[in-house]
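1. Could you look at this predicted model? Sequence included:
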Amino acid sequence: MWLALALATAVGAALRLPFLAHQSLWLDEIYTREILREASLSGVWRHVRATESTPPLFYALGWLVHARGAAAMRAIPALALTAAVPVGYLAFRRLVGSGAALAAAAILAVNPMLVWYSTDARSYGLFVLAALLTVWAFSAVLERASTRRFGLWAGASVACVWTHYFGVFVVAGEAVVLLATLPGARRQTLSWATLVGACLIPLLPLLASQSGDERAGFIAGVPLRTRVSEAVRQFAMGPNVPRAWLEAAGLAILAVAFAGGLWISWGSSMRARGLLALAAIAFLTPLSMSLLGIDDHFYARNVIAVLPLVAALAAPALLRGRAVPLAAYLLLATVASVWVASDWRYEQVDWKDAIARVQSIEPNAPLFAVTPGEAAPVVATYLDRPPATAPGPLAQRAWVLMEPVRAAGQRALGPAPVPHLPGFTAERTVELHGFQLVLESAAQPTRIAPGELAGATVFAGAG
C-alpha cells in the first residue's frame, strides 16, 4: 500500500515539477509577482487588499520563501498538489477504506485540473492541500473526538479559509457533519467551530475591501449553467482538453463511477455518508448562493477543493471490475495532462518567447502588442518597460505582435489576422507558437500614437 502511494506521489511530482518555468506568466500571475515583490508583509497585505479577491496566506508564504521568478512562484502550488497525493490518502482512508483512498490518491496525482493548477502561481493549489488537511483532521475527529484532534481540525480549518474564502464551505460542511454524527461531542464541536470563526475575524475588513469593486465581476457575466458545466468537465479532465474524444471518455468514466460511488456511499458506513454530505454542502452551497443572487461567485477554480471529495466518492466504483475503470481513467488523465503540459496550443499564450524573438531580431523598434486578452501587463513584464504614453514614439520600423486566439468551438490556440498599421508595410513575418510577429517599415519616421490600432498597446523600442 505504501509503496503504491509512494509511486503515485512520484508520478504526481513528475507531472508537475519539470514544467514550472515551461510557459509564460499570465495576467493573474503578474499580479502575484507584484505582490511578492513587496518590501514587507504589511505591504503584501495592502497589495492583496488592493488587487486580489482571495485571502493573504498564499502570498504571505510566497513572500516568506522569497518566491519571485516564475518557477519559484509556481513551486508552491506544485509542491502543495504533490503533497496532496499522500495527504489525500490519509484524509480518506478512515472514510472510504484504504483501497479506495489509494485510488483517490492516484486520481489526485494525475487529474488534469490539479496538474493544470500546479503550474499556476495562484492560491488554488495550496487551497486544495489545506482543504485536504481539514478532511484528514475531520476524519480523525469522527474516529475519536479528542481535544488534540479537534485542535488539529481547527488549525487546518483556519489555514484553509485564510488561503481561499470558499474554504468556509468545506469547513462549515465538516462542522455540520460532526454535529450530526457525534451527538455526544456537540459542545466540543461548537466550541472549536467558534474558535475557528474568531480566527477568521481579521479577514472581514479585507473581504469588505476586496468586495467593493468588480475585480471578480467577470464571473457573474458567465451564465451559471455554463459555469456548472465547466466545473463538471474540468473536475473530470481539466480546463483545456486537447481532443473531444479524450474529454468525453474521461468524463464518462468518472461520471458513471461517481454515480455508482454515491450509491455505494449511501448504503455504506456513517463515515462514508458523512463524506457524501460534506461534498454536497461544499459544492451546492455556493451554487445555491449564485442561483439565489446572494453571492454569485460560483466558478470551477473556486470550488476546486471539492474535486478530491469527488475522487474519493468515485473511487469505490472505479475499483469494481478488477479496477479496470480506474486504470482506464488514470491512463486518459495522464495522457491529457502530459499533452497539455507539452504542447503550446493548450497552454497559456506564450508572450515570453514571442518577446524574446522580436528582441533578438530588432529590439529598437517600437512594438504594438495586440492583446484581445488584455495582457498588456504581461507584455510590460517581459519587455521590462511600461507602455508608451502620448504622443508616442517616433520610428521608421515597428513590430506588430498579434496574440493567438482560441476561437469559439476550438480547443487549440491558433493565429489571428494581423491588423494593418497605417503608413507602414510588412517587411518580415515570423510565426511562433500561434503568434504573428510582423516587422513593418515606413518611408520616413512616423509618430506611432497609443490607440493607433484597436485593442493594441504600444511600447517604445529598447533604444
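-> That came through, no problem. Everything quoted here is computed from the prediction, not taken from an experiment. Numbering: from 1, shown residues only.

2. since we're on the residue lying closest to residue 37 once chain neighbours are set aside, how many residues are nearby?
-> Distances taken as CB to CB, 6 or more residues apart in numbering put residue 68 closest to residue 37, at 6.4 Å, once the chain neighbours are dropped. Glycine gets a C-beta too; all of them are placed from N, C-alpha and C. When counting by other CB atoms under 10 Å, one arrives at 13 neighbours for residue 68.

3. Are we agreed that residue 283 is in a helix?
-> Yes: assigned with DSSP: H, G, I helix; E, B strand; the rest coil, residue 283 falls within a helix.

4. rewinding a little: got the contact list for the residue nearest to residue 37?
-> By CB atoms under 8 Å, 6 or more residues apart in numbering, the contact list for residue 68 reads 33, 36-37.

5. Most neighbours among those, which one?
-> Ranked by neighbours (other CB under 10 Å), the contacts of residue 68 are led by residue 36, which has 24 neighbours.

6. just checking, that residue touches residue 64?
-> No: the pair residue 36 / residue 64 is not scored as a contact, 9.8 Å apart, by CB atoms under 8 Å.

7. ok, back up a step: of the contacts of residue 68, which is the nearest to residue 342?
-> Nearest to residue 342 among those, counting by CB to CB, is residue 33 at 24.3 Å.

8. Residue 162 reaches residue 59, doesn't it?
-> No: if you go by CB under 8 Å, residue 162 and residue 59 don't touch, sitting 10.7 Å apart.

9. between those two, which one's more packed in?
-> For the pair residue 162 and residue 59, the greater number of neighbours falls to residue 59 (26 against 21), based on other CB under 10 Å.

10. Who are the contact partners of that one?
-> So residue 59 contacts 32, 35-36, 44, 47-48, 52, 123 (CB under 8 Å, 6+ apart).

11. what's the pLDDT at residue 137?
-> Looking at residue 137, its pLDDT stands at 98.

12. Tell me the secondary structure at it.
-> Three-state call for residue 137 (three-state DSSP): helix.

13. tell me which residues in stretch 4-16 are buried?
-> By 16 or more other CB atoms under 10 Å, the buried positions in stretch 4-16 come out as 5, 8-9, 11-13, 15-16.

14. Over to the residue nearest to residue 37: give its phi and psi.
-> phi -120, psi -50 (degrees, to the nearest 10).

15. again with residue 387
-> Per-residue torsions, residue 387: phi -60, psi 150 (degrees, to the nearest 10).

16. Tell me if I'm right that it and residue 456 touch.
-> No: applying CB under 8 Å as the test, residue 387 and residue 456 come out as separate, 10.0 Å apart.

17. When those two are compared, which one has more neighbours?
-> Comparing residue 387 with residue 456 by other CB under 10 Å, the one with more neighbours is residue 456, at 23 against 18.

18. How about the contacts made by that one?
-> By CB under 8 Å, 6+ apart, the contact set of residue 456 is 368-371, 400, 419.

19. got a pLDDT number for it?
-> What the model reports for residue 456 is a pLDDT of 91.

20. Who is it paired with across the strands?
-> residue 370 (DSSP bridges).

21. For residue 148, the count of nearby residues, please.
-> Residues lying near residue 148 (other CB under 10 Å) number 11.

22. Quick check: which element contains it?
-> Following DSSP states H and E, one finds residue 148 within helix 147-163.

23. C-alpha coordinates for that helix, CSV please?
-> The C-alpha trace of helix 147-163 is given here as CSV (Å, rounded to 0.1, in the frame of the first residue of the first chain):
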residue,chain,number,x,y,z
THR,A,147,-9.1,17.6,22.2
ARG,A,148,-5.9,17.1,20.2
ARG,A,149,-7.8,16.0,17.1
PHE,A,150,-10.3,18.9,17.4
GLY,A,151,-7.3,21.2,17.7
LEU,A,152,-5.8,19.8,14.5
TRP,A,153,-9.1,20.3,12.7
ALA,A,154,-9.4,23.9,14.0
GLY,A,155,-5.8,24.8,12.9
ALA,A,156,-6.3,23.2,9.4
SER,A,157,-9.7,25.0,9.0
VAL,A,158,-8.2,28.4,9.8
ALA,A,159,-5.4,27.8,7.3
CYS,A,160,-7.9,26.7,4.7
VAL,A,161,-10.1,29.8,4.9
TRP,A,162,-7.1,32.1,5.1
THR,A,163,-6.0,30.5,1.8
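
24. so for it, what's the average pLDDT?
-> Averaging pLDDT along helix 147-163 yields 98.

25. ok, now stretch 23-35?
-> Average pLDDT, stretch 23-35: 95.

26. can you pull the buried residues of that stretch?
-> In stretch 23-35, counting by 16+ other CB under 10 Å, buried: 23-27, 29-33, 35.

27. Farthest pair within those?
-> Pairwise over the buried residues of stretch 23-35, using CB to CB, the maximum falls at 23 and 35, 20.2 Å.

28. show me what contacts the spatially closest residue to residue 25 that is not a sequence neighbour?
-> Closest residue to residue 25 apart from its sequence neighbours, by CB to CB, 6+ apart: residue 70 at 5.5 Å. Applying CB under 8 Å, 6+ apart, we find residue 70 in contact with 20-21, 25, 29, 121.

29. Let me see the contact set for the residue sitting nearest the centre point of the chain.
-> Most central in the chain under CA atoms, centre = their mean is residue 117, positioned 4.0 Å from the mean C-alpha point. Going by CB under 8 Å, 6+ apart, residue 117 touches 77, 81, 124-125, 128, 301, 304.

30. Would you agree it falls within a helix?
-> Yes: according to three-state DSSP, the state of residue 117 is that of a helix.

31. Relative to residue 239, how far out is it?
-> Residue 117 sits at a distance of 9 Å from residue 239 (criterion: CB to CB, to the nearest Å).

32. Of the contacts of residue 456, which one scores lowest on pLDDT?
-> residue 371 (80).

33. Just checking: what are the partner strands of the helix or strand encompassing residue 397?
-> Counting by DSSP H and E, the element that carries residue 397 is strand 394-402. In the sheet, strand 394-402 lines up against strand 367-370 (parallel), strand 435-447 (antiparallel) (DSSP bridges).

34. and these, which is most packed in?
-> Greatest average neighbour count among those goes to strand 367-370 (a mean of 26), per mean count of other CB atoms under 10 Å.

35. tell me how far that one is from the chain's mean position?
-> Its chain's C-alpha centre and that of strand 367-370 lie 28 Å apart, by CA atoms, centre = their mean, to the nearest Å.

36. Only C-alpha atoms, please: export it in CSV.
-> Taking Å, rounded to 0.1, in the frame of the first residue of the first chain, the C-alpha atoms of strand 367-370 are listed here in CSV:
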residue,chain,number,x,y,z
LEU,A,367,6.1,47.4,-30.5
PHE,A,368,2.3,47.2,-30.9
ALA,A,369,1.1,44.3,-28.8
VAL,A,370,-2.4,43.3,-29.9
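
37. Need the mean per-residue confidence for whichever helix or strand comes after that strand.
-> With elements assigned by DSSP H and E, the helix or strand that comes after strand 367-370 is helix 376-383. When pLDDT is averaged along helix 376-383, the result is 93.

38. I appreciate the help and will end here.
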